[in-house]
Structure formats: structure tokens, C-alpha cells
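Student: Predicted model, plus sequence, below.
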Amino acid sequence: MSKDTPQRLDPTAIVTSALRIADAEGLAAITIRRLAQEHGVTPMALYRHFRDKGDLLDALAARLLADIRLPEPSTAPWDEQVRAILAACLAVLRPHPTVAGLVPTRILLSEPGLILVERILALLDGAGYPPEQATEIGSQALCSLVTLVATEPGAMGSTDPDTRDDAIRAKRAALQALAPQRFPHVLAAADALTLCGDRDGYYDLGIEFAVAGIRGIRPATRTTG
């Protein structure tokens, strides 16, 4: 049997390899040729499962969405249920900051994504938000989670500890060199601006911001016709 026989190539394993590469080196490092080499096949063998890199990126987003363990529906207030869903999403996105950005634009391309959207829209509908407004709220809430992951203080875009530590030290030194008369509050917060001292607290606050923001939005008048 040829090594390029489709049955010997597991698409799930390909996506796992692509996720590992993206986490370590970024999305640009993912290529069909590289993945083919890692799995001992020709690029043509991968094209039997993924039309192109875009198709592979769709599969990466679907993988993250499939890993989200949504809480069971309950009788809890709608905002508490939304908070629990956002926390479940964040638990999956946090380890994959370079891939998380793929999710918002691809959420409707897989069944797990559709299920997530349906749950959020149903809760917002029950809270009185019409579909158009609920869609915008849900979209922005998800994007806020991606932004939290991508902009965590101290996350310098490198998985190499020495490179990351050097970048953090350089950023802290630059802030500490600022004139105290002009930027006293920036100087006082230099450590917090440079490194996330309480990662769980940082993400908990991000979720609370999102939920509090939703609660503060007045439902639009539903249109009929």
C-alpha cells in the first residue's frame, strides 16, 4: 500500500499538527508542504482532505469550537448562563492565542459553532434582545474574548522563554524611563502594564466586563411585519 493512500492519512492528526505549529510559530508557519513532510506523505495526499491552507484554517477554527464544553442549559438568570458560556469559550481559547482569531469569522462553518451561536442567541432572545441586536452583542462578546487572549500583558508573541523575558524587560525599562512629571500613573502601573501578575483575575475581569456591558445595553424595540 502506498504511503499516500488516503486511508492512512488522518485529517484529525493533520489538524493537531497544524495547531501545534501555530501555537509555537504562528499561523504563517503552517504550510501544506510542511505538514506533508511531518506526516511522511506528499502534499497531494493532504489536498485530498484540505483544498488549500484556507480550508485547513477553517478546520483549525472548527477544532477549537469542538473543544468548547458548553454548560448545560439551566434555570439560572440569562446573564449568569452567558457568563458560563463565555468562560467555557475562554478556557479553550487561552492556550491558543495565535489561533483564537480564526474563530469569530468561521463560527458558522461548523456544527459546534452553530450550536454555540444558537445558545447565545436564545439566551439574549429570552432577555428581550431582537435578533439583529443579539447578533451584534454576541459577536462583540466573542471578539472581546479573542482580544483578551491576544493582548494579555506579557504575551509577547514568542514561546521561547528567553526571548519573551528579554522583551518584557525591555518594555518595563522603556516605561520606567518615562518622565514621572508627565506620566506618573503609567509609571505606577509599569509592572501591571508589562506582565499579567494574576492571569485568572485578568480573564475573570474580562468576562465580567463583557457580561456587565451586555446587561447595560437596553434591548431595542422589536420590529414587526
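Tutor: Thanks, I have it.
Student: The worst-scoring helix or strand of the chain on mean pLDDT: how far from the chain's middle?
Tutor: Among the helices and strands of the chain, helix 161-176 carries the lowest confidence by mean pLDDT, DSSP states H and E, at a mean of 82. Its chain's average C-alpha position is 25 Å from that of helix 161-176, according to C-alpha atoms, centre = their mean, to the nearest Å.
Student: If we go by neighbour counts, what in it is buried?
Tutor: Using 16 or more other C-beta atoms under 10 Å as the test for burial, helix 161-176 gives 167-168, 171, 175. C-beta coordinates here come from the backbone N, C-alpha and C atoms, glycine included.
Student: which element follows that helix toward the C-terminus?
Tutor: Moving toward the C-terminus from helix 161-176, the next helix or strand (DSSP states H and E) is helix 184-188.
Student: what sits up against whichever helix or strand comes after that next one?
Tutor: The helix or strand immediately downstream of helix 184-188 is helix 190-194, counting by DSSP H and E. By C-beta atoms under 8 Å, 6 or more residues apart in numbering, the surrounding residues in contact with helix 190-194 are 153-154, 168, 171-172, 175-176, 186, 197.
Student: biggest helix in the protein, by residue count?
Tutor: Counting by DSSP state H, the longest helix found in the chain is helix 131-150.
Student: what packs against that helix?
Tutor: helix 78-93, helix 97-100, helix 103-106, helix 111-126, helix 199-215 (3 or more C-beta pairs under 8 Å, 6 or more residues apart in numbering; DSSP states H and E).
Student: Give me the below-cutoff pLDDT ranges for this protein.
Tutor: 1-8, 154-161, 224-225 (pLDDT under 70).
Student: In contact with the residue nearest the centre of it, which residues?
Tutor: Central residue of the chain (C-alpha atoms, centre = their mean): Ala100, 2.7 Å from the mean position. Counting by C-beta under 8 Å, 6+ apart, Ala100 touches 64, 93, 145-146, 149-150.
Student: Just the buried subset of those, please.
Tutor: Buried among the contacts of Ala100 by 16+ other C-beta under 10 Å: 64, 93, 145-146, 149.
Student: got these as TSV, with distance to Ile107 columns?
Tutor: TSV is the format used below for the buried ones among the contacts of Ala100 (distance: C-beta to C-beta, whole Å):
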residue	distance to Ile107
Leu64	10
Leu93	12
Leu145	12
Val146	11
Val149	15
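Student: of those residues, closest to Thr42?
Tutor: Leu64 (28.0 Å; C-beta to C-beta).
Student: mind checking the SS state of the closest one?
Tutor: With DSSP: H, G, I helix; E, B strand; the rest coil as the basis, Leu64 sits in helix.
Student: Check Pro95 too.
Tutor: Per three-state DSSP, Pro95 ends up coil.
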